[in-house]
Every structure is written in C-alpha cells, then in structure tokens.
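Visitor: 3D model of this:
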Amino acid sequence: MSQYDFGTIDPSTKSGTALASDLNSWRTALHSLHSGTSRPSYAVAGTLWIDTTAAPWSLKIYDGSDDIAIGTVDATANNFAVTLNDSAVTTAKINNGAVTVAKLATVAGNAGKLVAYDASGIPTVVSAGTDTYPLVSNGTALAAFEQLATGGIANAAVTVAKISAAGSTSGQVLTSTGSSTAPSFQTLSISNNVAAWVNFNGTGTVAIRASKNVSSITDNGTGTYTINFTSALTDANYAIAGGGQGEIYTIISGEDEVSYTLPPTVLIKRATTPTASAVQIETRAIIADTSSIYDFSLVTVSIIR
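Guide: You can find the predicted model right below:
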C-alpha cells in the first residue's frame, strides 16, 4: 500500500531507468488504491483512495474539496460495508415484510428490554418497568413506568362494567377511609348511621314483622321489652327513636262512654343500662292524664349510632 506521484514526465531528461522506477512506484500506488493515512497530495476530483488511519479502513472519494466516505473495508473479516446517508434509506425503499424478527433481534445486554419512541419519534431501548405500569412520557422524552394518572383517564371511561370485575361480593359497597387511600369494596358496617331497626307486635305473644340487625325481642311484661341485636354495636352510646300506631281507648263513667286515641311513646326503660348487644324499652300512653305502661299492637324502634 502506497501513494506516489511521478509528476510530469520530460522525455528529454528522464532516462529509461528513472522512468521505469517511476512507473513501478505509480503501479504500486494504483494497485493499492492510493492507500495512506491521509488523502494523496496529487488527488483530483473523482480520485478514489483508502484511508488506513484506523481499522476498518475507509474507502473515500475526493470531490475536489472534501472526502466522501463510500464504505468500510474490514481486512480481518474480509468484508466491505457500504456507508449510506441517513436519508438514503426511506420507508418507501423497504419492501413490506422485509424487516423480519431476526433483523430486529436485540444486541447482547438488552434482553427483556423494550423498544419505545420518545416525543421526537426516535426509537430507544428502555428497561422493563414495574408489572402492569405503563411507560409514560414527560412531553420531551420517555420518563418512566408509572401508574396511570387520574388525568390520563377520560371522563366516563370507568364504567359500571369495569368496576364489576374488581372483586366485590353481593351487597358490598365501594368505600374509602378518606386518608388518600384507594377505595375498596366493603360490606356496609352496621356501626354507622342506622345500626338496627324493628317493627313488631307488642301485644299477646310478641312477634317481629320486619327488622334489621335485630335477632329477637324479649317480652318483659306489659309495655316492656328487650331488643336483642344480631351483631353487637360499636358501643352503647347510641340513640333510639320510636313510635307506632295509636289505639282507641274507651272509658266508661256511669252511663257515659268516652273513646279517644292513645298515642304511643317509646322510651329506654327507666333504671336500665343499654349495652352494645341489647337495649330495654318501654311503651307508654297517657291514660286519664297519667303516663301508663301500655301494650301496643304496632311498635317501631330505630337504633342510631
């Protein structure tokens, strides 16, 4: 490999021996494609030469002012690679189906990674992230694997059908602790708001018509009852509200008969202590200007906590 310029041959001064030496040196330069670590000094526009500064060698063509790299020569692996301008290979020049999975095979060290595009549309290799987290962008570049932000969910995108697959069971409600925690399905607690209620017949054999969280009612005598809760309340600091249906009461005085309606009053029984599992009540009516214990056929009681 060499470079050589014999200049202008003057037949009147150049001997045959000198001419032969020049031609032999020029032949060596020509056969090695003017190889060297810099462009030949005698290069003109169109001269091809091999730059041997580094391996692989670079095949260049001189355009009169600059060297244009055409390709590389690997003298060890014995191959030649064409150098293409970035704009030379366009989508239109690639046949459909020409890019196979084998061609997309990742290089060593990228196993398990993803190919993604940044905001400028440039593909890049990204390490796998947290399971079920989508890869997001900060607007200029790929950011990280993150949970989907609230702003990324379109209004009305979360439908009842989507919530139905969230692992709830019959009768549960979607609720939250209010402490910035995710909502979850829970069974409605009886320890909040109306903890229990009952509609019962308080005359004769006591009978419950309908109720919530009331297991039974104990008849303690005229107008007195114990309401037993199915599940104990948080504590005994609850309130009761009661009522019922008034009943006709008739008074006979001499030859006169007077009838009027007795409105029921429901109270926590005097001298008793409510507990988290039961409360004693009494039903009263005003009879002859006196509050008296009385059995009513329709009594309603609500326990509020």
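Visitor: rest of the way, CA atoms for contacts and neighbours
Guide: Noted.
Visitor: What's the first helix or strand after the strand or helix carrying Ala241?
Guide: Using DSSP states H and E, Ala241 falls within strand 239-244. Counting by DSSP H and E, the next helix or strand C-terminal to strand 239-244 is strand 247-253.
Visitor: Adjacent strands (with direction) for that next one?
Guide: The strands beside strand 247-253 in its sheet (DSSP bridges) come out as strand 256-262 (antiparallel).
Visitor: Quick one: mean pLDDT over the partner strand.
Guide: The average pLDDT for strand 256-262 rounds to 74.
Visitor: from the chain's centre, how far out does the top strand by length along the chain sit?
Guide: Across the chain, the longest stretch assigned as strand under DSSP state E is strand 278-287. Strand 278-287 sits 56 Å away from the centroid of its parent chain (Cα atoms, centre = their mean, to the nearest Å).
Visitor: Packing partners of that strand?
Guide: strand 224-229, strand 256-262, strand 265-268, strand 290-293 (3 or more Cα pairs under 8 Å, 6 or more residues apart in numbering; DSSP states H and E).
Visitor: do that again at 10 Å, thanks
Guide: Secondary-structure packing of strand 278-287 (3 or more Cα pairs under 10 Å, 6 or more residues apart in numbering; DSSP states H and E): strand 214-219, strand 224-229, strand 239-244, strand 247-253, strand 256-262, strand 265-268, strand 290-293, strand 299-304.
Visitor: Redo these as CSV? Include distance to Ile94 and mean neighbour count.
Guide: Below are those laid out as CSV (distance: least, Cα to Cα, whole Å; neighbours: other Cα atoms under 10 Å):
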stretch, distance to Ile94, mean neighbour count
strand 214-219, 78, 17
strand 224-229, 78, 20
strand 239-244, 80, 16
strand 247-253, 95, 11
strand 256-262, 97, 11
strand 265-268, 89, 20
strand 290-293, 98, 14
strand 299-304, 76, 20
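Visitor: Any buried residues in stretch 4-20, and which?
Guide: For stretch 4-20, burial by neighbour count (16 or more other Cα atoms under 10 Å) applies to Tyr4.
Visitor: Quick one: mean pLDDT over that stretch.
Guide: Mean per-residue pLDDT for stretch 4-20: 85.
Visitor: Ok, stretch 287-303 next?
Guide: 90.
Visitor: rewinding a little: contacts for the strand holding Ala241 next, please.
Guide: The contact list for strand 239-244 (Cα atoms under 10 Å, 6 or more residues apart in numbering) reads 194-201, 263-268, 279, 281, 283, 296-305.
Visitor: let's see 6 Å
Guide: Strand 239-244 has contacts (Cα atoms under 6 Å, 6 or more residues apart in numbering) with 266, 298-304.
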